[in-house]
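>>> Sequence unavailable; structure follows:
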């Protein structure tokens, strides 16, 4: 099992990550070394955190960095 899935399962077991219909939601503060490593846990594999994470207005971290 890939390490991101092990980490995801651990977060679920510890109550820090819950499934809400068709997505996962962090319900406890969780630190990661980068936005991409956090996104990989959510996606279940490799992900670009700068484009995967968006705010309520649909702006990605990459968009917000370029402001």
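Nice, thanks for sending it over. Bear in mind the structure is a predicted one, so any value in this text is a computation, not a measurement.
>>> With adjacent residues omitted, what lies nearest to residue 12?
Nearest in space to residue 12, with sequence neighbours left out and distances taken as Cβ to Cβ, 6 or more residues apart in numbering, is residue 18 at 7.2 Å. For every residue, glycine as well, the C-beta is placed using N, CA and C.
>>> Equivalent analysis for residue 7, please.
For residue 7, the spatially nearest residue (Cβ to Cβ, 6+ apart) is residue 41, at 5.3 Å.
>>> Surely that neighbour touches residue 34?
No. No contact is recorded between residue 41 and residue 34 when judged using Cβ atoms under 8 Å, the distance being 11.3 Å.
>>> who has more neighbours, those two?
When residue 41 and residue 34 are compared for neighbours, residue 41 comes out ahead with 23 against 10, by other Cβ atoms under 10 Å.
>>> mind listing what the more buried one touches?
With contact set as Cβ atoms under 8 Å, 6 or more residues apart in numbering, residue 41 has these partners: 4, 7-8, 11, 17, 32.
>>> please redo it, this time with the cut-off set to 10 Å
Remark: with contacts taken as Cβ atoms under 10 Å, 6 or more residues apart in numbering, residue 41 is in contact with 3-11, 17, 24, 26, 30, 32, 47.
>>> Tell me which residue lies nearest the centroid of this structure.
Here the mean C-alpha position of the chain is nearest to the C-alpha of residue 39 (Cα atoms, centre = their mean), at a distance of 3.4 Å.
>>> Can you give me the distance of that one to residue 26?
Applying Cβ to Cβ, to the nearest Å, the value for residue 39 to residue 26 is 11 Å.
>>> count of residues packed around the nearest residue to residue 54 once chain neighbours are set aside?
The spatially closest residue to residue 54, leaving aside those adjacent along the chain, is residue 60, at 5.0 Å (Cβ to Cβ, 6+ apart). Neighbouring residues of residue 60 were enumerated by other Cβ under 10 Å; the total is 17.
>>> again with the one 3 residues further on
A count of nearby residues for residue 63, using other Cβ under 10 Å, gives 14.
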